[in-house]
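Q: give me a 3D structure for the following:
(chains A and B)
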Amino acid sequence: MIPEVSIQSLALSRGGRQLFSRLILKLSPGEAIALIGRNGAGKTSLLRAIAGLINPDEGEIAFGGVEPAEAREAIHLLGHLDGLKSSRTARDELAFWTGFGGGAPAAVEAAAARLELIPLLDLEVRRLSAGQRRRLALARLLAAPRPLWLLDEPLSPLDAEWRGRFGEIMGEHLATGGMILAAVHDPLPLATRTVEVGR
Amino acid sequence: MSRVSTLLARETALAWGKGGGPMVAVGFYAGVATLLPLAVGSEPERLAAIAPGAAWVALALAALLSLDRLFERDYEDGSLDLLTLSPVPLEIICAIKCLAQWLATGLPLALAAPVAAIALGASPQLSGLVVACALLGGLAFSFMGGIGAALSLGARRGGLLTAVIVLPLFVPPVIFGGGALASLEAGLPWSAGFALLGAYAAAAVALGPLAMAAACRNALS
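A: Alright, predicted model coming up:
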């Protein structure tokens, strides 16, 4: 468990262009922060930097005394790309990411049921619609629980009903002390704060 | 199941099914072995003289076929991000991916190698050593080839770049393996070539994942 995420004076460049500098942000248990900003402002890069996939130019990302390498085990990253293999069945993919993420095998069915994926589990991922694929990716968050969710446009392929229902899932995660940092263009349900990136 | 065995099972299943898996590699190998007599002539003496070396070159080329997509698909679909975030070190993940690639293509190619060598005119007595050399050589091809696949991540025409990077790394196993087979056929001691091939394969397994992981981290950043 990581007690908080604290970002101090962060500066980040991509391809020789500075995206932002002097970014300060603190995320505490039970909080959901919506990252907003124009395209290319650095929202995705910020999420990837927190996940440890890219190194910032300056500044510090701290996890309340937990070592960054150890903190990675507490992070779920859901990017633009869903990390699913189109040739495998939804069940195989969910079972793999659950097992590899340290979740219990029984959590596969439970997570699939919560996202109403049971009838789709034996289909190849390539047969799923964009919204169904996103729900399958979101099921990973439930099947192998981790306290910090880094979400990049989590709602974009979802219809209005599922946007609302994902809001409920987020609410349950926050109620158990979870933290959510989401890059969004649309309003994020239950966001406690909004931070504009790139200014 | 541990995380490592879970990943190995998935990677082997993916490598086995990916674009025809072992059947494509073995089919390509058989194709090269068939083309060779058409190019150099079908006289048994001439073919027998080049059979061990030709079988090795065909093996190296067949191993190259599936290497370019070793990391590329994971990079393109976001899996590599998620694998990197796991508690399993990226070096181990790279090693598992290469091992799965070897299980799916290196192993079937090693079993097909004596058939191709005999068809080209090599003595059946070489079969045991052909299989052993192909197993070790295939391991070296997978782990050294993985370096090229990781270095070409995100590059346009990455498959061609992988081949350019990897082919020089394939030279030592081809020399050592081909040398061991030629020595045995000539009735000379062959163990030195085989031992060198084993040493090269061991070095590839030990050092390759370090280079692959560094190249993957660089591509992701």
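
Q: what kind of secondary structure is the closest residue to chain B within chain A in?
A: Closest to chain B within chain A is A:L81: 2.8 Å, counting by C-beta to the nearest C-beta. Where you see a C-beta, it was placed from the backbone N, CA and C, and this is true even at glycine. When classified by DSSP: H, G, I helix; E, B strand; the rest coil, A:L81 comes out as coil.

Q: B:A104 is in contact with B:P22, isn't it?
A: Yes - with contact defined as C-beta atoms under 8 Å, B:A104 reaches B:P22; the gap is 5.6 Å.

Q: what's the overlap in contacts for those two?
A: In terms of C-beta atoms under 8 Å, 6 or more residues apart in numbering or on different chains, B:A104 and B:P22 are both contacted by the residues B:W16.

Q: confirm that A:A34 lies within a strand, as I assumed.
A: Yes - counting by three-state DSSP, A:A34 falls inside a strand.

Q: across the sheet, point out what pairs with it.
A: Beta-bridge pairing for A:A34 (DSSP bridges): A:A182, A:T194.

Q: so it touches A:P189, yeah?
A: No - judged on C-beta under 8 Å, A:A34 makes no contact with A:P189 at a distance of 9.5 Å.

Q: and those two? Which one has more around it.
A: A direct count of neighbours by other C-beta atoms under 10 Å in any protein chain shown for A:A34 and A:P189 places A:A34 higher, at 23 against 19.

Q: and that one, what does it touch?
A: Counting by C-beta under 8 Å, 6+ apart, A:A34 touches A:182, A:184, A:187-188, A:191, A:193-195.

Q: report the buried members of these.
A: Neighbour-count burial (16 or more other C-beta atoms under 10 Å in any protein chain shown) is assigned, among those, to A:182, A:184, A:188, A:191, A:195.

Q: quick check: what element follows the lowest-mean-pLDDT helix or strand in chain A along the chain?
A: Of all helical and strand segments in chain A, the minimum by mean pLDDT, DSSP states H and E falls on helix A:68-71, at a mean of 84. Sequence-wise, the next helix or strand downstream of helix A:68-71 (DSSP states H and E) is strand A:75-78.

Q: what is that next one packed up against?
A: helix A:43-50, helix A:130-143, strand A:148-152 (3 or more C-beta pairs under 8 Å, 6 or more residues apart in numbering or on different chains; DSSP states H and E).

Q: hmm, the shortest one in reach of chain B?
A: No - counting by C-beta under 8 Å from any C-beta of the partner chain, no contacts exist between strand A:148-152 and chain B, the nearest distance being 9.5 Å.

Q: that strand: what's the following helix or strand?
A: Heading C-terminal from strand A:148-152 (DSSP H and E), you reach helix A:160-175.

Q: now stretch B:13-23: average pLDDT?
A: Throughout stretch B:13-23, pLDDT has a mean value of 76.

Q: and for stretch B:173-184?
A: Mean predicted confidence for stretch B:173-184 is 88.

Q: repeat for stretch B:84-97
A: 93.

Q: again, but for stretch B:193-203
A: For stretch B:193-203, the per-residue pLDDT averages 94.

Q: what does that stretch contact?
A: Stretch B:193-203 has contacts (C-beta under 8 Å, 6+ apart) with B:129, B:132-133, B:136-137, B:139-140, B:143, B:172-173, B:176-177, B:179-181, B:183.

Q: what does chain B put close to chain A?
A: B:1, B:3, B:6-7, B:10, B:13-14, B:17-18, B:73, B:76-79, B:81-88, B:220-221.

Q: please repeat the previous calculation with a cut-off of 10 Å.
A: When proximity is defined by C-beta under 10 Å from any C-beta of the partner chain, chain B lies next to chain A at B:1-7, B:9-11, B:13-14, B:17-19, B:73-89, B:93, B:217, B:220-221.
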